[in-house]
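Visitor: structure for this input, please:
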Amino acid sequence: MNFRAATRPALATALSVRGAVAPVAGFHASAAPQASLRELEARLKSVKNIEKITKSMKMIAATRLGRAQRAMDSAVAFGNASEELFKQSEVEAPKEGGRDLFVVVSSDRGLCGGIHSSVSKKTRAAVAKLTKAGGEEPSVVVLGDKAKAQLSRALPKNLVLSFNQIGKGVPTYEDALAITSTILKADIPFDKINIVYNKYVSSLSFESVISTVYSEKSLLEAPKFGAYEMDESLSKDLAEFSLTNSIFYTLVEGHASEINSRRNAMDNASKNAGDMITNLNLLYNRGRQAKITNELIDIITGASSL
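Guide: Predicted structure coming up:
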């Protein structure tokens, strides 16, 4: 009886006849680490490939961010023009019986953190607040498939119109004009439009906010709108122009926020992948050392049993 070999936990679990312990123990001790090492190798390869992808996406997003920020800086004047018009006119929506329309600015692209769910959450909260106050059910228009997928489940009765092909490039004024024309042609009743979009705060953060645009009727009823000397027939064009300006600016700023969020998300993903690679390498090296140690023990045990 080879008591010395039988008492080694890494080699055997029971006493055996001399000459049978070493081969059986050696076989079982080396098979498990080999399978584990192959699994670790596959995981390492997979994580390294993911790290390459996330680093590439981060570089692409960083390159696109500069262009998006320049477009955002240029579009500020359009948003300010609409806000100044409504502010100077002291326009307000009807306090009773008014209809609200929500335009949710999103895009078709993902892998950018919680930027799409943020505007969806903001919209759901605003709609719930209006409904709780006893007002009429607001209508919802969504720009982008990501928010549409979320709001079509949360607010199916409110969703009346949606747009796709959003977010592939820097939005243009022509894009905003086409969206405005489609909304107005859809003949959706509203006194006030709430544009829900992501405001660019800094290179590390964004904030989902609401920008308000008023209808032609609300504009005409504003106390100080008469101070603007113009043909009454131009009020319709002015209201449409103001809506287009606001949609354009929110599209551009939302696009910059999305690109920035994607860059940050890919940066975090790359760092997490790097940490995982370090841990997997450590486990892999430990496994190799254990395998080599077991093989040496098998050789020594076999030699000592002769």
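Visitor: how many residues are close by L184?
Guide: For L184, the neighbour count with other C-beta atoms under 10 Å is 17. Any C-beta I mention is one placed from the backbone N, CA and C, and that applies to glycine too.
Visitor: where's it, which helix or strand?
Guide: Element membership for L184 (DSSP states H and E) is helix 173-185.
Visitor: report all helices and strands that that helix contacts.
Guide: Applying 3 or more C-beta pairs under 8 Å, 6 or more residues apart in numbering; DSSP states H and E, one finds that helix 173-185 contacts strand 159-163, helix 234-305.
Visitor: what's the angle from it to strand 159-163?
Guide: 150 degrees (axes from the mean of the first three to the mean of the last three C-alpha atoms, to 10 degrees).
Visitor: using PDB, write out every CA atom in helix 173-185.
Guide: C-alpha atoms of helix 173-185 as PDB (Å, rounded to 0.1, in the frame of the first residue of the first chain):
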ATOM      1  CA  TYR A 173     -31.800  72.800 -40.700                       C
ATOM      2  CA  GLU A 174     -33.400  71.000 -43.600                       C
ATOM      3  CA  ASP A 175     -34.000  68.000 -41.300                       C
ATOM      4  CA  ALA A 176     -35.700  70.200 -38.700                       C
ATOM      5  CA  LEU A 177     -37.800  71.800 -41.400                       C
ATOM      6  CA  ALA A 178     -39.000  68.500 -42.800                       C
ATOM      7  CA  ILE A 179     -39.900  67.300 -39.200                       C
ATOM      8  CA  THR A 180     -41.800  70.600 -38.600                       C
ATOM      9  CA  SER A 181     -43.700  70.300 -41.900                       C
ATOM     10  CA  THR A 182     -44.700  66.700 -41.200                       C
ATOM     11  CA  ILE A 183     -45.900  67.500 -37.600                       C
ATOM     12  CA  LEU A 184     -48.000  70.500 -38.800                       C
ATOM     13  CA  LYS A 185     -49.400  68.500 -41.800                       C
END
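Visitor: how about it, which residues are buried there?
Guide: By neighbour count on 16 or more other C-beta atoms under 10 Å, the buried set for helix 173-185 is 173, 175-177, 179-180, 183-184.
Visitor: same question for stretch 101-112.
Guide: Of all the residues in stretch 101-112, those buried under the rule 16+ other C-beta under 10 Å are 101-109, 112.
Visitor: so which of those residues are in strands?
Guide: Secondary structure assignment (DSSP state E) places 101-105 from the buried residues of stretch 101-112 within strands.
Visitor: low-confidence stretches in the stretch 51-200 of the chain?
Guide: The model of the stretch 51-200 of the chain has pLDDT under 70 over residues 96-97.
Visitor: dihedrals phi and psi, P189?
Guide: For P189, the backbone dihedrals (degrees, to the nearest 10) come out as phi -70, psi 130.
Visitor: can you tell me how far it sits from R64?
Guide: 38 Å (C-beta to C-beta, to the nearest Å).
Visitor: those two - which one has more neighbours?
Guide: Set P189 next to R64 and count neighbours by other C-beta under 10 Å: R64 wins out with 19 against 9.
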